[in-house]
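Undergrad: Prediction below, plus the sequence it came from.
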Amino acid sequence: MKRSVLAALAGVVAVVAALVVLWPRSVEAQPHLAESGRYRFVLTPTSTRSGSNSFDLRITDRSGNAVQGDVTVEPAMPRMGHALAPITAAPLAPGRYRVPEVDLFMAGQWEITVSLGTERVVIPLLLI
């Protein structure tokens, strides 16, 4: 009787430990840096989960000075053949832009193409 109780207790402890280790956690969104010939682009998503997402963009020249202009963002998932229409980023302040409510509907590797004038960069973004 004691052995069966101990075995059951050990099984419960093992299941709880496995759940703690393997349970999916949200990953904090980190800034992603990309550089073109003239500019430095920093894209920060609000989330690393698939679904509705927003991006903050900071764009500077190589000396760190804020850059202004028309900025577009083109999210794509080339491996799956998905692409969204270009989205114009809203300027917030010199060198700062916001792209609200982008529907990145699938988990996996996305590529976010950011364009300012003739400068373009592709920023990889992995969503869970």
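TA: That came in fine, so what should we check first? Keep in mind the model is a prediction, meaning the values are calculated, not measured.
Undergrad: So which residues of this structure form strands?
TA: Taking DSSP state E as the test, the strands found in the chain are 32-35, 39-45, 51-61, 71-77, 82-83, 87-88, 90-93, 96-104, 108-116, 119-127.
Undergrad: mind putting those strands in TSV, distance to Lys2, mean neighbour count and mean pLDDT included?
TA: Yep, even glycine has a C-beta here, placed from its N, CA and C like the rest. Shown next, in TSV, are those (distance: least, Cβ to Cβ, whole Å; neighbours: other Cβ atoms under 10 Å; pLDDT from 0 to 100):
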stretch	distance to Lys2	mean neighbour count	mean pLDDT
strand 32-35	56	15	94
strand 39-45	53	20	96
strand 51-61	50	18	95
strand 71-77	56	18	96
strand 82-83	58	14	92
strand 87-88	65	14	96
strand 90-93	67	12	96
strand 96-104	54	17	95
strand 108-116	50	19	96
strand 119-127	49	16	94
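Undergrad: In a markdown table: these, plus distance to Ser4.
TA: Shown next, in a markdown table, are the strands of the chain (distance: least, Cβ to Cβ, whole Å):
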| stretch | distance to Ser4 |
| --- | --- |
| strand 32-35 | 53 |
| strand 39-45 | 50 |
| strand 51-61 | 46 |
| strand 71-77 | 51 |
| strand 82-83 | 53 |
| strand 87-88 | 61 |
| strand 90-93 | 64 |
| strand 96-104 | 50 |
| strand 108-116 | 45 |
| strand 119-127 | 45 |
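Undergrad: Can you name the residues that contact Pro100?
TA: Ser54, Ala90 (Cβ atoms under 8 Å, 6 or more residues apart in numbering).
Undergrad: what about it, distance to Trp110?
TA: 17 Å (Cβ to Cβ, to the nearest Å).
Undergrad: Ok, Thr72 next?
TA: 16 Å.
Undergrad: That's all I had, so thanks and see you.
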